[in-house]
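In: Turn this into a model:
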Amino acid sequence: MNSGITDADGHPVPVTVAVGEPAPVTAGGPGPRVSIRLSPPAGEFVWSCTPGAARELAAVLVRTAEEAENAPGERPVTVGAGELRRGDVREGDRSMTVESARTDGSTVHVTWKSGAGRSWTQAYAADTAITLKRRLSGGR
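Out: Have a look, this model is predicted:
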């Protein structure tokens with residue numbers, strides 16, 4: 001799995017996630033395990049946990065990834081409305097994410113989605129400056 005995880009020196013660290021061996025019999029009894037194997041150049045690290053703990057770890061990783069993506073960057077970027085693409089997040093007090101942007105002549109129809117899940121469409125001249133807090137890579 002090419003995880004994008006690197007060691008302290010920036011070297012890629014291969015990661016393998018698999019169903020592990022059952023836990024030894026203890027007061028809680030045996031149970032299925034999830035194993036995670038990290039293989040940096042300096043050696044190997046194997047960690048295992050219950051499926052429930054794996055789900056908790058996954059949830060924490062997802063929340064932290066979202067916080068990192070939504071953290072303000074060094075500075076906002078301003079683009080013309082005609083350059084907006086799905087996933088762009090508008091700068092401001094309230095979270096507004098581009099769901100879609102459609103050009104009709106010199107007018108751009110942008111469908112926004114709020115952090116509360118509401119959607120609406122606004123029309124802009126294609127050259128209207130829109131300041132973004134976050135811009136995702138990729139096309140429309």
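In: buried residues in the helix or strand of the chain with the lowest mean pLDDT?
Out: Every helix and strand in the chain was compared by mean pLDDT, DSSP states H and E; the lowest is helix 51-70, with a mean of 84. Buried residues in helix 51-70, defined by neighbour count with 16 or more other C-beta atoms under 10 Å: residue 54. C-betas here are computed from N, CA, C, even on glycine.
In: starting at the chain centroid, how far to it?
Out: 10 Å (C-alpha atoms, centre = their mean, to the nearest Å).
In: Please apply the same query to stretch 60-72.
Out: 7 Å.
In: re earlier: now the least confident helix or strand of the chain - C-alpha only, PDB.
Out: Output of helix 51-70 as PDB, limited to C-alpha atoms (Å, rounded to 0.1, in the frame of the first residue of the first chain):
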ATOM      1  CA  PRO A  51     -11.400  -4.300  15.300                       C
ATOM      2  CA  GLY A  52     -13.100  -1.700  17.600                       C
ATOM      3  CA  ALA A  53      -9.800   0.000  18.400                       C
ATOM      4  CA  ALA A  54      -9.000   0.000  14.600                       C
ATOM      5  CA  ARG A  55     -12.300   1.700  13.900                       C
ATOM      6  CA  GLU A  56     -11.600   4.300  16.600                       C
ATOM      7  CA  LEU A  57      -8.100   4.900  15.200                       C
ATOM      8  CA  ALA A  58      -9.600   5.300  11.700                       C
ATOM      9  CA  ALA A  59     -12.100   7.800  12.900                       C
ATOM     10  CA  VAL A  60      -9.500   9.900  14.600                       C
ATOM     11  CA  LEU A  61      -7.300   9.800  11.500                       C
ATOM     12  CA  VAL A  62     -10.300  11.000   9.300                       C
ATOM     13  CA  ARG A  63     -11.100  13.800  11.700                       C
ATOM     14  CA  THR A  64      -7.500  14.900  11.900                       C
ATOM     15  CA  ALA A  65      -7.100  14.800   8.100                       C
ATOM     16  CA  GLU A  66     -10.200  17.000   7.700                       C
ATOM     17  CA  GLU A  67      -8.800  19.500  10.300                       C
ATOM     18  CA  ALA A  68      -5.500  19.600   8.400                       C
ATOM     19  CA  GLU A  69      -7.300  20.100   5.000                       C
ATOM     20  CA  ASN A  70      -9.500  22.800   6.500                       C
END
